[in-house]
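A.B. asks: after the sequence you'll find the predicted model.
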There are 2 protein chains.
Amino acid sequence: MDENEIISLLTKMAGSLPSGYLPIGDDVAALPAKRGKLVIKSDMLVARTDVPPGMTWRQAGRKSVAMCVSDFAAKGVSPEAFMVSLGIPRSLSDDEVRSLVKGFGDGMKEWGLRLVGGDTNEADDVIVDCVMTGFAKRIVKRSGARAGELVVVTGEFGTTSAGLKILLEGAKSDPGFRRYALTNVYRPSPKLGLGLALAGYFSSAMDSSDGLAICLRAIAEMSGVGIRVDQLPHVGRRLERFASQNAYDVEELVLYGGEEYEIVATVDKDLIGEAERVASSMGAELTVIGETTVERRVVLSNGHEIRDEGWVHLA
Amino acid sequence: MDENEIISLLTKMAGSLPSGYLPIGDDVAALPAKRGKLVIKSDMLVARTDVPPGMTWRQAGRKSVAMCVSDFAAKGVSPEAFMVSLGIPRSLSDDEVRSLVKGFGDGMKEWGLRLVGGDTNEADDVIVDCVMTGFAKRIVKRSGARAGELVVVTGEFGTTSAGLKILLEGAKSDPGFRRYALTNVYRPSPKLGLGLALAGYFSSAMDSSDGLAICLRAIAEMSGVGIRVDQLPHVGRRLERFASQNAYDVEELVLYGGEEYEIVATVDKDLIGEAERVASSMGAELTVIGETTVERRVVLSNGHEIRDEGWVHLA
């Protein structure tokens, strides 16, 4: 499939754009600008590092959109439109290209986005740079935490890490947990609705895809506070069993794994009750895992320091 | 150099952003939104196809910015900010990464842009996806040409193609022309000032980096007109001598080469005098090369059809 055929696939997927949009096929994409700030994010998926064994191209396409959506969720900003810059190897078959594009379509529908443009290139590996835009009056920064607030997360940690170890290191697992962990890897679920609903309660927030430890360290450092973690957010017995089956450390899986598309945030103690009610009205859970502190250390309640480690490309 | 070191290099290069911008280092970049349309473009540079032999990484960095600037120039839109999503192989040395980033800085200064974010990944080849944004009241579309208008270009064609043939096919050349052609390859000069100044005169326009023929065919097809080219825009005797030295066809070099960062546009006959005066007041030239026609063919004045060929990735 050549460039023009891929563009025509993308144009078809994008459908008809409303008045005020520049139709796909021009040199640039253009959107009507609203008030507030334009918010824009680019996140590059590289097959070699971001597409684990067994993930379909359709899932990879959806994941490339999910990666950007998760950043918008953490910032409390509704994404509106996205573009994809593609690097495609000649060895990728037409069916595989179609699957990848179908995955973009899955993302469009799931998160109510418009596809407004793209760029296609030849490359040695499959590359998808997803570029997402939205507008916002307020953005939940990483730097807004104050001492004495609660540290919360929107979901569980360690499961994706377990899934990657099953796929990449041949870790042993019960069939049920294996299925559950692999679904977490293949179908990341950024918490967009929850992030938008809770943005008003969060003093700081960050997307957790680089790992829980990196989030805690970044929020602490950028806010000028410390963090004490009292409870690690994970699925409990099932993860503990997986860890003991493979001689892994649960704490390591939860803190340093990465690839969870959750939100790590801080909330004023006076607001936590209301924030929890909003989450539970959406069928979701907000888990308090610790507190921000005046002393600028990032530690577990036993005093052990949480290292600044996680998913760092080229490390 | 790992991801964090690269980000810190980029942050330093970006300098201090004005109030209203979200500082670099958060999950997303944010810009104050003005009235009009948000214009956004992503253009991916892949080293294997876009960085010819002898081009430095600094020139490649600048080129990745130039590629987007040229699209904004053609649309008559002033670009304001850009982000870079990077794929970096482990084999790239720290000095090479620094050179690449210096090239982004060259682009920033040359076109008055702000760098507002980025994303860094590991890849098998050097990949730079430049994402550029601006705001505009009006955008010069590809589809606005009417029959009976003049077809104009902002510069010469065929020289870059000659340069690429010297580098990639070992074509022979006089030393003077070789130097001139290679400068065209290594330092593309998008016509931003000219594009902004002339946007009000253009009924349609397109960035020419995929080649002159592709532009003429796209403008004709998207506007529902034909085009008759009476004069090919090239440097004359020097290109003719290069072509005869290597048994190339001048017409092929000029129409189907690509990598010229010029603007191909259409202008109402009543406005051409004023448009030419604006160009010449900027020390530039606008060359009339033909006319749009009712009959929907894209031809040379001798009746030969101009083929829909040029630079198409994965073709």
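C.D. replies: Nice, I can see it. It should be emphasised that the depicted structure is a prediction, and the values quoted were computed from it without experimental measurement.

A.B. asks: need the residues of the stretch 101-250 of chain A near chain B, please.
C.D. replies: By Cβ under 8 Å from any Cβ of the partner chain, the part of the stretch 101-250 of chain A that sits against chain B consists of A:116-125, A:127, A:129, A:131, A:133, A:135-136, A:139, A:141-143, A:206-207, A:222. Heads up, the C-betas are built off the backbone N, CA and C, glycines and all.

A.B. asks: narrow these to those in helices?
C.D. replies: With helices defined by DSSP state H, the entries of these inside them are A:M222.

A.B. asks: contacting residues for A:L31?
C.D. replies: The contact partners of A:L31, taken as Cβ atoms under 8 Å, 6 or more residues apart in numbering or on different chains, are A:20-21, A:80-81, A:116, A:133, B:37-38, B:40.

A.B. asks: element containing it?
C.D. replies: Mapping A:L31 onto the secondary structure by DSSP states H and E places it in strand A:29-32.

A.B. asks: could I get that strand in CSV with only the CA atoms?
C.D. replies: C-alpha atoms of strand A:29-32 as CSV (Å, rounded to 0.1, in the frame of the first residue of the first chain):
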residue,chain,number,x,y,z
ALA,A,29,-5.2,20.6,9.3
ALA,A,30,-7.2,23.4,10.8
LEU,A,31,-9.8,23.5,13.6
PRO,A,32,-12.1,26.3,14.8
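
A.B. asks: centre of the chain to the next helix or strand after that strand, how far?
C.D. replies: Where DSSP H and E defines the elements, the next helix or strand beyond strand A:29-32 is strand A:37-46. Its chain's average C-alpha position is 12 Å from that of strand A:37-46, according to Cα atoms, centre = their mean, to the nearest Å.

A.B. asks: strands paired with strand A:37-46, and their directions?
C.D. replies: Each strand paired with strand A:37-46, and its direction, by DSSP bridges: strand A:127-136 (antiparallel), strand B:29-32 (antiparallel).

A.B. asks: of all the ones you listed, which one is nearest B:G105?
C.D. replies: Between B:G105 and the strands paired with strand A:37-46, the shortest separation by Cβ to Cβ is 17.3 Å, and it involves strand B:29-32.

A.B. asks: I'd say A:A199 and A:R138 touch.
C.D. replies: Yes - under the criterion of Cβ atoms under 8 Å, A:A199 is in contact with A:R138, at a separation of 7.2 Å.

A.B. asks: neighbour count winner among these two?
C.D. replies: Here A:A199 and A:R138 are compared on neighbour count by other Cβ atoms under 10 Å in any protein chain shown; more neighbours surround A:A199, at 21 against 12.

A.B. asks: give the contact list for the more buried one.
C.D. replies: Applying Cβ under 8 Å, 6+ apart to A:A199 gives the contacts A:75-77, A:138, A:140, A:205.

A.B. asks: which of the residues you listed are buried?
C.D. replies: Taking 16 or more other Cβ atoms under 10 Å in any protein chain shown as the criterion, what is buried in the contacts of A:A199 is A:75-77, A:140, A:205.

A.B. asks: and these, which is closest to A:E110?
C.D. replies: Distances from A:E110 to the buried ones among the contacts of A:A199, taken as Cβ to Cβ, are shortest for A:V77 (17.0 Å).

A.B. asks: contacting residues for that closest one?
C.D. replies: If you count contacts by Cβ under 8 Å, 6+ apart, A:V77 has them with A:39, A:134-136, A:139, A:196, A:199, B:28.

A.B. asks: tell me which element the nearest residue to A:V151 once chain neighbours are set aside falls in.
C.D. replies: Of all residues not flanking A:V151 in the chain, A:G290 sits nearest, at 4.4 Å (Cβ to Cβ, 6 or more residues apart in numbering or on different chains). Take DSSP H and E as the rule and A:G290 turns out to sit in strand A:287-293.

A.B. asks: which elements pack onto that strand?
C.D. replies: Applying 3 or more Cβ pairs under 8 Å, 6 or more residues apart in numbering or on different chains; DSSP states H and E, one finds that strand A:287-293 contacts strand A:150-153, strand A:226-229.

A.B. asks: can I get those in a markdown table including mean pLDDT?
C.D. replies: Putting the helices and strands packed on strand A:287-293 into a markdown table (pLDDT from 0 to 100) gives the following:
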| stretch | mean pLDDT |
| --- | --- |
| strand A:150-153 | 98 |
| strand A:226-229 | 98 |
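
A.B. asks: what's the most buried one of those?
C.D. replies: When neighbours are counted by mean count of other Cβ atoms under 10 Å in any protein chain shown, the highest per-stretch mean among the helices and strands packed on strand A:287-293 falls to strand A:150-153, a mean of 24.

A.B. asks: other residues contacting the next helix or strand after that strand?
C.D. replies: Scanning forward in sequence from strand A:150-153, with DSSP H and E defining helices and strands, the next element found is helix A:159-169. Outside of helix A:159-169, the residues that reach it under the criterion Cβ under 8 Å, 6+ apart are A:52-54, A:171, A:173, A:177-178, A:180-182, A:184-185, A:188, A:234-235, A:239, A:242-243, A:246, A:248, A:253-254, A:256-260.

A.B. asks: average pLDDT for helix A:159-169?
C.D. replies: Predicted confidence along helix A:159-169 averages 95 (mean pLDDT).

A.B. asks: what comes up buried for that helix?
C.D. replies: A:159-167.

A.B. asks: relative to A:A279, which of those is nearest.
C.D. replies: Sorting those by how near they are to A:A279, with Cβ to Cβ, puts A:T159 at the top with 19.2 Å.
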